[in-house]
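[1] quick one, what's the 3D model for this:
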Amino acid sequence: MTREPPATNEGWYALHDFRTVDWDAWRAAPEREREAALSEGVSFLRDRVDVTDAEDGSSAVFSMLGHKADLLVLHFRPTVADLDTAERAFEGTAFAEYTERSSSYVSVTEVGGYTSEEMTKEPAEIEDTGLARYAQSKLYPEIPDSEFVCFYPMDKRRAPGQNWYDLPFDERAEMMDTHGEIGKTYAGQVKQIITGSIGMDDFEWGVDLFGNDPTAIKDLLYELRFDESSSKYADFGPFYFGRQFPPADLPAFMAGEAVPAEDDDAESAGGHPHGEGGHPRGSGEGGRPHGEGGHTDEAETHHGHGSGEGGHPHGEESEDDDGSDGIRGELADLDIYAGQPHGEDVYAMVLYSEADPAELFEEVEGLRSNFEHYDTHVKTAVYQPREGEDADSAVVSVWETQSAADTAGGFLADLPGIVARAGERSGFGTMGMFYTVKPERRADFVEKFETVGEVLGETEGHLETDLLVNREDENDMFIASQWESKDDAMGFFRSDAFADTVDWGRDVLADRPRHVFLA
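    Here you go, the predicted model:
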């Protein structure tokens with residue numbers, strides 16, 4: 001009897017190009033020839049990391065540990081022709097003359113329909129926002145800034161009594177669901193990119209695991225070994241393990257020095273291969289890989305003091321009038337606080353969910369336990385509507401660095417019932433207002449909100465304002481306000497009504513409120 005195969009959808013093509021260095025030839029080469037080779041090698045790698053060779057994509061270079069390879073050059077590109085060109089372009093460099101290919105792997109990103117056939121549609125055609133963003137991230141991935149990578153190919157077993165392809169669809173789907181649940185427990189620690197390779201290479205899939213803690217990668221794989229889909233039905237090829245470094249550090253790599261170099265320039269600021277702001281590549285507005293205002297699997301994150309559009313892979317925000325510094329300055333001119341008590345920057349990301357708050361909180365709590373392993377994590381909380389109010393809950397995650405917030409956003413986008421992120425709704429976006437209220441004045445604060453709400457209802461350009469309460473602390477409030485334009489929101493801040501509210505709040509609030517533009 002023919003078994004039902006899951007539908008799949010494919011995205012970018014992938015090439016893992018593993019290289020060993022001919023160290024004897026390198027040491028014997030004249031200094032002038034080595035310098036020329038390094039110049040061409042750096043130029044090639046930088047152009048690929050910056051994706052100057054294609055409309056979209058993502059590339060990175062890794063120092064590999066062990067005997068299997070010295071270097072891995074990893075490419076994701078929209079077409080096979082793009083990969084073919086990149087492969088041959090490297091062979092044309094003087095640097096390539098000192099390397100030999102020890103192995104390679106050709107594949108294509110894919111999503112399968114075991115859990116939902118919606119996943120096999122193009123992301124722009126998927127109605128569920130969270131599901132669409134998840135599919136987007138899997139089909140058109142940005143290589144994370146994580147220090148470590150683990151790559152391995154694998155097959156599903158086809159042995160007597162252990163034939164994956166002979167199992168009924170429902171059994172396979174159930175096992176894949178259980179397999180995925182294990183992976184979710186490592187949210188914030190390990191990011192996975194799966195590629196299919198049937199007909200392209202010797203195994204059926206390739207798996208890349210990225211993380212900043214090598215033991216987290218090991219622990220995840222160890223735990224998965226005990227899952228039935230692996231213990232009974234998986235066969236694995238060779239494992240490769242390495243560390244990411246920026247193209248500019250190729251000379252340091254060849255000289256046996258530390259990479260990433262300790263004195264990296266802006267290209268690798270903060271010890272990450274691509275800087276704190278993330279990858280500067282593949283971010284074309286409106287291009288296929290980023291869909292409708294989104295970027296890969298990272299729910300768009302927002303500077304804690306007001307950010308423009310940006311999100312994970314696409315570098316630092318500009319500091320123009322519409323950027324974070326511009327808006328922060330405007331608020332400061334109005335004597336409106338828009339920063340941390342001690343002046344340090346934080347990065348906040350807000351997603352809205354229509355799921356039951358209790359179910360949502362349970363999922364968030366699991367992710368937060370992983371987030372708390374990182375020093376850059378400040379806070380992650382669920383803000384839910386007050387009893388009787390009809391509004392979506394908000395998941396708010398605050399981090400010390402943009403890249404950390406971006407990475408967390410990819411996992412939070414998979415939470416149940418996600419319908420939008422800050423900035424995706426109609427109008428200008430969201431003005432977020434965080435308040436910590438004195439417990440004895442909480443009722444007064446809620447009453448005052450109702451009064452201000454009446455004023456807002458008559459304010460030009462105002463669309464909607466909701467008061468949400470931290471599920472774990474009723475005195476921690478988040479006000480999400482929708483406006484048709486930034487000018488409309490700023491107009492309210494300049495009003496006498498808002499000034500009166502600020503004066504009144506001095507006796508009610510336990511700390512200064514933080515007002516942040518989230519879009």
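[2] isn't residue 455 up against residue 497?
    Yes - here residue 455 reaches residue 497: they are 4.9 Å apart, a contact under Cβ atoms under 8 Å. All C-beta spots, glycine's among them, are computed from the backbone N, C-alpha and C.
[3] got any residues that touch both of these two?
    Common neighbours of residue 455 and residue 497 are not found (criterion: Cβ atoms under 8 Å, 6 or more residues apart in numbering).
[4] what about the stretch 351-500 of the chain, any weak spots by pLDDT?
    Scanning the stretch 351-500 of the chain for pLDDT under 70 picks out 402-403, 420-433.
[5] one more time with 50
    By pLDDT under 50, the weakly predicted segments of the stretch 351-500 of the chain are 423, 426, 429-430.
[6] ranges for the strands of it?
    377-385, 393-399, 418-421, 429-436, 462-470, 473-483 (DSSP state E, counting those that start in this stretch).
[7] select, out of these, the one closest to residue 55.
    Residue 55 lies closest to strand 418-421 among these, at 25.1 Å (Cβ to Cβ).
[8] regarding the chain, what is its longest helix?
    As assigned by DSSP state H, the longest helix anywhere in the chain is helix 31-49.
[9] ok, and what's touching that helix?
    Contacts for helix 31-49 (Cβ under 8 Å, 6+ apart): 26, 29, 53, 59-61, 73, 75, 86, 89-90, 93-98, 246-248, 250-251, 254, 274, 279, 281.
[10] hey, which helix or strand in this structure has the poorest pLDDT?
    strand 302-303 (a mean of 28; mean pLDDT, DSSP states H and E).
[11] who's in contact with the closest residue to residue 416 other than its chain neighbours?
    Counting by Cβ to Cβ, 6 or more residues apart in numbering, residue 355 is the residue found nearest to residue 416 once chain neighbours are left out, at 4.1 Å. Applying Cβ under 8 Å, 6+ apart to residue 355 gives the contacts 393, 415, 416, 417.
[12] closest to residue 370 among those?
    The closest of the contacts of residue 355, once distances to residue 370 are taken by Cβ to Cβ, is residue 415, at 13.5 Å.
[13] re earlier: the strands of the stretch 351-500 of the chain into a markdown table, with extra columns for distance to residue 124 and mean neighbour count?
    Shown next, in a markdown table, are the strands of the stretch 351-500 of the chain (distance: least, Cβ to Cβ, whole Å; neighbours: other Cβ atoms under 10 Å):
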| stretch | distance to residue 124 | mean neighbour count |
| --- | --- | --- |
| strand 377-385 | 29 | 21 |
| strand 393-399 | 24 | 25 |
| strand 418-421 | 15 | 22 |
| strand 429-436 | 21 | 22 |
| strand 462-470 | 25 | 20 |
| strand 473-483 | 24 | 20 |
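[14] so can I have JSON lines of those strands showing distance to residue 409?
    Listed next are the strands of the stretch 351-500 of the chain as JSON lines, based on distance: least, Cβ to Cβ, whole Å:
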{"stretch": "strand 377-385", "distance to residue 409": "11"}
{"stretch": "strand 393-399", "distance to residue 409": "7"}
{"stretch": "strand 418-421", "distance to residue 409": "8"}
{"stretch": "strand 429-436", "distance to residue 409": "15"}
{"stretch": "strand 462-470", "distance to residue 409": "19"}
{"stretch": "strand 473-483", "distance to residue 409": "17"}
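[15] dump stretch 32-40 to PDB, keeping only the CA atoms.
    Presented in PDB, the C-alpha positions along stretch 32-40 are these (Å, rounded to 0.1, in the frame of the first residue of the first chain):
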ATOM      1  CA  ARG A  32      54.000  38.500  -1.600                       C
ATOM      2  CA  GLU A  33      52.000  35.600  -3.000                       C
ATOM      3  CA  ARG A  34      50.400  34.900   0.400                       C
ATOM      4  CA  GLU A  35      49.400  38.500   0.800                       C
ATOM      5  CA  ALA A  36      47.800  38.500  -2.700                       C
ATOM      6  CA  ALA A  37      46.000  35.200  -1.900                       C
ATOM      7  CA  LEU A  38      44.600  36.600   1.400                       C
ATOM      8  CA  SER A  39      43.400  39.700  -0.300                       C
ATOM      9  CA  GLU A  40      41.500  37.700  -2.900                       C
END
